[in-house]
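**Student:** Requesting a structural model of the entry that follows:
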Amino acid sequence: MERAMQLWRGLLLRDFAIEDWWQGSVLGRLSGSLQNWGTTSVLVQTSDWIALGLVMLYWGFSAQTSTGILGLILLTMAAVLGLGWLVQTPNWVAAHLPLGLFWGIATLATIFSPVPYAARDGWLKLTLYLAGYLLLHRLLRKPRFRDWMIGSLLMVSLVMGIYGLRQYFYGAAELATWVDPESGLAGVTRVYSYLRNPNLYGGYLIPLIPLGLAAVWIWPGWGAKLLAGFITAVNLTCLVLTYSRGAWIGGLVMLAMMAVLLVQWNSIHLPVRWRHWTLPALFAGGGATLLLGILTVRPLRLRVQSLFLGRVDTSNNFRMNVWAAVLDMIRDFPILGIGPGNVAFNRVYPLYQRGNFSALGSYSVPLELTLETGLIGSLTFAWFLLVLFDHGWYQWRLALGSRNPQGLWVAVGLAACTGMMAHGLVDTIWYRPQVQMLWWLAVALITASLGQSQTSPSQQKHSSSR
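**Tutor:** Alright, predicted model coming up:
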């Protein structure tokens, strides 16, 4: 039993001193030697403020369908990240080790891809996303930057939500239908705001709702709290009105996770006899409300029923055909896959497609990860998720113990990641730039160690005693 526990702790990297490992590595020594030069550069000294402006700019441009400008912003963010490393040592956590290993496997998958030139495009995107994440991880550790980043994102989502509600009440272009014209949902408007895709908009909203809920508790002043509550209500309404079944699944999982964490946080204020009944009562009330909505709102009922129709539903049938074709592709490229990115997918998929219909992706994140980086890559990413959630739960316990309100952002990260992964089981909008950086924002909220009042050098010692 003791041996098994040691293996489990090793798998979760609880005793791995990653900062000591980095300082002893070649890259760590090179970074340290450049820090003296960086302290004399005005550009390097202001790199965090430049990074904050770039992140806010990214949030603004991610509210529309065009993605070219987002790539340029990510490229600039990667350059700023490099500048920042010239003046301060990167704050590594254990989850960064399997993440770096996953990037290395993706690099090998690109080199040995059957379409290497096409896979290079996906590898570059992955590299830029990871650089963007590391920048978010650094900025979120500073309270002022954290408030600006989250506040600006919520304000952008409010603008999108108001436009989405306008589409519902006043109508939208025909592309908003997105359903079988022969079904009972023909003509029902599915809101998509500026993203022109209700499934994409639904995935975009999943991490924003817990952000708004946490802001209600954290932001000072009743005015700010009411604004955060209003933004959350608008985003939640728009999530329902997207009629995206995958986003609904992700949203329900996210809300359940956030409810559990918020009840834990507020249980100290409840009478002792209520503490054991609060969560069951909350789930029972939520379930009853959901059931009432399904029974009384016809479009909602038809949309939920379509989940259980199998191939009778055209959307289900299309996805099942894609999944079957992707499984054939994985069978032929099981070790390192075909390489990352939609360009590589579009080069290989036509050889396997069924029904003469093309596809944008695998419509399942686990399948896509396995297809792009093979079984080795998908297992490594699963390892990353395991270490990430272990780190997040540890940070959440610290926040509960210290009653540090900033620890609620850790709850946001846990809820958002859980909901987005649930949505990713049946769709791949997770790979779109508008959603991908929201995923890495949620990851950064977990890894930035916000559950502690401050980061101390003894963090690894505390971690090893869990």
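
**Student:** Where is the longest helix in this structure?
**Tutor:** Longest helix in the chain, counting residues (DSSP state H): helix 365-402.

**Student:** what comes up buried for that one?
**Tutor:** For helix 365-402, a neighbour-count test (16 or more other C-beta atoms under 10 Å) marks 365, 367-374, 376-381, 383-385, 387-392, 394-396, 398-400 as buried. Bear in mind the C-beta positions are built from the backbone N, C-alpha and C, glycine included.

**Student:** tell me the SS of S358?
**Tutor:** Assigned with DSSP: H, G, I helix; E, B strand; the rest coil, S358 falls in the coil class.

**Student:** surely it meets Y349?
**Tutor:** Yes. Using C-beta atoms under 8 Å, S358 is in contact with Y349, at 7.2 Å.

**Student:** Which one's more surrounded, these two?
**Tutor:** Y349 (21 against 10; other C-beta atoms under 10 Å).

**Student:** any idea how far that one lies from R141?
**Tutor:** 41 Å (C-beta to C-beta, to the nearest Å).

**Student:** With A51 instead?
**Tutor:** Taking C-beta to C-beta, one finds A51 at 12 Å from R141.

**Student:** repeat for V343
**Tutor:** V343 is 35 Å from R141, by C-beta to C-beta.

**Student:** again, but for M155
**Tutor:** M155 is 22 Å from R141, by C-beta to C-beta.

**Student:** same check, this time on G68
**Tutor:** 31 Å.

**Student:** And for A259?
**Tutor:** 27 Å.

**Student:** My understanding was that L327 contacts L367; is that so?
**Tutor:** Yes. Counting by C-beta under 8 Å, L327 touches L367, with 7.5 Å between them.

**Student:** what bits of the chain have low per-residue confidence?
**Tutor:** Counting by pLDDT under 70, the ranges of the chain that qualify are 1, 4, 8, 15-44, 87, 89, 174-187, 450-466.

**Student:** how about 50 then?
**Tutor:** 453-466 (pLDDT under 50).

**Student:** which parts of stretch 83-95 are buried?
**Tutor:** Buried, per 16+ other C-beta under 10 Å, within stretch 83-95: L83, G84, W85, L86, V87, P90, N91, W92, V93, A94, A95.

**Student:** end to end, how far does that stretch reach?
**Tutor:** End-to-end distance for stretch 83-95: 23 Å, by C-alpha to C-alpha, to the nearest Å.

**Student:** Tell me which of the buried residues of stretch 83-95 fall in helices.
**Tutor:** Those of the buried residues of stretch 83-95 lying in helices (DSSP H): L83, G84.

**Student:** who's in contact with the nearest residue to V365 once chain neighbours are set aside?
**Tutor:** Leaving aside its chain neighbours, V365 sits nearest to G424 (3.3 Å; criterion: C-beta to C-beta, 6 or more residues apart in numbering). Counting by C-beta atoms under 8 Å, 6 or more residues apart in numbering, G424 touches G250, S364, V365, P366, W430.

**Student:** With respect to L57, which of the residues you listed is nearest?
**Tutor:** W430 (22.1 Å; C-beta to C-beta).

**Student:** what's the burial count for the closest one?
**Tutor:** Neighbours around W430, by other C-beta under 10 Å: 21.

**Student:** how close does it get to W440?
**Tutor:** From W430 to W440 the distance is 11 Å (C-beta to C-beta).

**Student:** Quick check: phi and psi on P271?
**Tutor:** Backbone geometry at P271, expressed as degrees, to the nearest 10, gives phi -60, psi 150.

**Student:** meant to ask about K125, not that
**Tutor:** phi -60, psi -50.

**Student:** how many other residues sit next to it?
**Tutor:** K125: 20 neighbours (other C-beta under 10 Å).
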